[in-house]
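> fold the following, please.
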Amino acid sequence: MGVTLRASRTVPCSKTHNAQTYHVGRLTPEMRKAARTGDVTALYALAGGRCRRILPHWLGGSAGDVALSQFRFVVAAPTRAAVAAGARWLRCDLVAHQTRHRLLSLSPNTSGVLGTRRATGYRSCARGDIAAANTVVCSLRHRWRAVHAVRVDPPKAGFPGRHAVSSRMRSTCESRVRAYLRTTGAFRFGWIRPTKVLWNHGAHYGVCYAHVSQ
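Residues are numbered from 1 along each chain as shown. Next comes the predicted model:
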């Protein structure tokens, strides 16, 4: 997820592209102030929640389905000068990470994609150590596969702390990965948990990973 205050080059969705607008709305007074001063941290905190809530509906899945995918969103807003001149728009753009530094090309219409067979093309896997920075689409070589999303607490709850989050992730992921692998023997599993910063921005899902290769 991220924020941009710069306008980007636009193309029709029928042409090759790696970002797609899924929501356009109006800035609240608080968002306008953040955009006018160039405070991207405040803008993300204020506007990111809206983009996050709308994204599962656009993609045709649950918030957990989104967490298991490589889909992310970017908040776009007018520049300081544009806000001063009266611009009031807010835009939520969808992207999909092939790797940390490379985006996938998107189909002409991503609406409802998580409810179709195309969803497998956006599933999250990981190579090397399990970390958000190492996630890739599962079509690339990988060692770990995302198999279950865990909502650690109700969305409006305060951050319960690293230990509590890790304890919940461990207990849930062990059983979920065992069921995924259909094994009663030894197996390897891991997880990516929401950090406090992400939690405060509305990201309350952790993801369980199964070790699927040597």
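> mind checking the longest strand of this protein?
strand 89-99 (DSSP state E).
> where does this protein have low pLDDT?
Within the chain, the set of residues satisfying pLDDT under 70 comprises 1-8, 155, 214.
> now the most centrally placed residue in it: how far from residue 166?
Taking CA atoms, centre = their mean, the centroid of the chain lies closest to residue 72, which sits 3.7 Å from it. With distances taken as CB to CB, to the nearest Å, residue 72 is found 23 Å from residue 166. For the C-beta atoms, the positions are set from N, CA and C on the backbone; glycine is no exception.
> cool, and residue 85?
Residue 85 is 48 Å from residue 166, by CB to CB.
> if you count what's nearby, which of the two comes out ahead?
Between residue 85 and residue 166, counted using other CB atoms under 10 Å, residue 166 has the larger neighbour count: 14 against 9.
> surely that one is in a strand?
No - checked against DSSP: H, G, I helix; E, B strand; the rest coil, residue 166 lies outside a strand; its state is helix.
> quick check, it in contact with residue 193.
Yes - shown here, residue 166 and residue 193 form a contact pair, counting by CB atoms under 8 Å, at 6.0 Å.
> please enumerate the strands of this structure.
2-4, 20-26, 71-76, 89-99, 102-103, 124-126, 135-137, 144-151, 189-192, 205-211.
> for those, which one sits closest to residue 13?
Ranking the strands of the chain by proximity to residue 13 (CB to CB) places strand 20-26 first, at 6.2 Å.
> got the CA coordinates for the closest one in PDB?
Written as PDB, here are the backbone C-alpha positions of strand 20-26 (Å, rounded to 0.1, in the frame of the first residue of the first chain):
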ATOM      1  CA  GLN A  20      -6.300   0.400 -12.300                       C
ATOM      2  CA  THR A  21      -8.600   2.800 -10.600                       C
ATOM      3  CA  TYR A  22     -11.400   1.100  -8.600                       C
ATOM      4  CA  HIS A  23     -12.800   4.100  -6.700                       C
ATOM      5  CA  VAL A  24     -13.000   7.800  -7.000                       C
ATOM      6  CA  GLY A  25     -14.400  10.000  -4.200                       C
ATOM      7  CA  ARG A  26     -14.100  13.300  -2.500                       C
END
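> angle of that strand against strand 71-76?
40 degrees (axes from the mean of the first three to the mean of the last three CA atoms, to 10 degrees).
> could you list the buried residues of strand 20-26?
Going by neighbour count (16 or more other CB atoms under 10 Å), the buried part of strand 20-26 is 20, 22, 23.
> what does stretch 128-145 give?
Per 16+ other CB under 10 Å, stretch 128-145 contains these buried residues: 130, 134, 135, 136, 137, 138, 142, 143, 144, 145.
> quick one: residues contacting the first one.
Counting by CB atoms under 8 Å, 6 or more residues apart in numbering, residue 130 makes contact with 144, 190, 191, 192, 209.
> which of the residues you listed ranks first by neighbour count?
residue 144 (28 neighbours).
> is that one in contact with residue 208, as I believe?
No - contact status for residue 144 versus residue 208: not in contact, 9.8 Å apart, counting by CB under 8 Å.
> no further questions, thank you.
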